[in-house]
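*Asks:* What follows is a predicted structure for the sequence shown.
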Amino acid sequence: MHVGVNRPKSIVISPHNALLAMHHMQATKYFLGTSLRVEKLLPSNVAANEISSDFDLLFISIHAFKDLMDKHPNQLQQWNIKNIFIDKYHNIFGELFRHTNSWKSLRNLARHSIKITLLSATANPLLMDFVGYYLGLGSYKVIGELDQYPIPDVVINVEHYSDARVLSELVQKIKQLNISKKDRTFKIHIVVMSKDDAAAVHEALSAESISCLMITSDCLQRKKEDTMLTWEERDEQCMVSTIVDGIDNGAVEDVFV
């Protein structure tokens, strides 16, 4: 590779910063030891005009992508982008509260003549047609059919408790899991609605000597990434978060919402 060559690059557009942080962290680990450079771009970077070209794979949030297209409409060509991946593209119409701002940056995206790959596990043919028209894809190809998708071995239990009991029931269920699975390593993700809920769960589990990490919107981006990396690489068992999308861990066997 010659210095100064504008090598082909790929970008991944993520719907949420937490998902972006997780994928950036994982990709950096996957490509460790290679010459491939993995970077990320957030709205704060675009606002500060901190836009580097020194990457092979770039994770960019949908909001940062919108800001980039508004302020630097020729940036994709300047970067020499050859592939655009849009993760969880069903959110284009699934998140109507962001459709008029962030997601509108994908309108007629195909005009850039860059290969576009859309990723989703929940889109149906009607949604595919809508999104294809919205992006200006014309004739598109579907990769992966429903009948070829292995159905996950997952059980969903819905249980009802009063507000006064729900926290103690949660703690008891996690203690029971630790007893029934005492001979193997596993992790638990707990999703809550508010920062106060997260703090309450974290305190209750810690009081029972159950190791637990916590992520909420109060955490700065660097703190979120460090916490997710700690959960993935160390022994802390539980993660309580106000984040539904974007926390992956191969050892998770149980999720409480």
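*Replies:* All right, it came through fine.
*Asks:* Not counting sequence-adjacent ones, nearest residue to E232?
*Replies:* Leaving out its chain neighbours, the residue that sits closest to E232 by Cβ to Cβ, 6 or more residues apart in numbering is N249, at 5.6 Å. Where C-beta positions appear, they are placed from N, C-alpha and C, glycine not excepted.
*Asks:* The one you found contacts T185, correct?
*Replies:* No. Using Cβ atoms under 8 Å, N249 is not in contact with T185; the gap is 11.4 Å.
*Asks:* So the two - more neighbours on which side?
*Replies:* N249 (15 against 9; other Cβ atoms under 10 Å).
*Asks:* where's the more buried one relative to V255, distance?
*Replies:* Distance, N249 to V255, using Cβ to Cβ, to the nearest Å: 10 Å.
*Asks:* swap in S168?
*Replies:* Following Cβ to Cβ, the distance that separates S168 from V255 is 19 Å.
*Asks:* do the same with A121
*Replies:* From A121 to V255 the distance is 16 Å (Cβ to Cβ).
*Asks:* T28 too?
*Replies:* 25 Å.
*Asks:* Now do the SS call for Y89.
*Replies:* At Y89 the chain is in coil, as set by DSSP: H, G, I helix; E, B strand; the rest coil.
*Asks:* Pretty sure it sits against L119.
*Replies:* Yes. Here Y89 reaches L119: they are 6.5 Å apart, a contact under Cβ under 8 Å.
*Asks:* Those two: which is more packed in?
*Replies:* A count of neighbours by other Cβ under 10 Å puts Y89 above the other of Y89 and L119, at 24 against 15.
*Asks:* residues near the nearest residue to that one once chain neighbours are set aside, how many?
*Replies:* Nearest non-adjacent residue to Y89, counting by Cβ to Cβ, 6+ apart: L118, 4.2 Å away. Neighbour count for L118, taken as other Cβ under 10 Å: 23.
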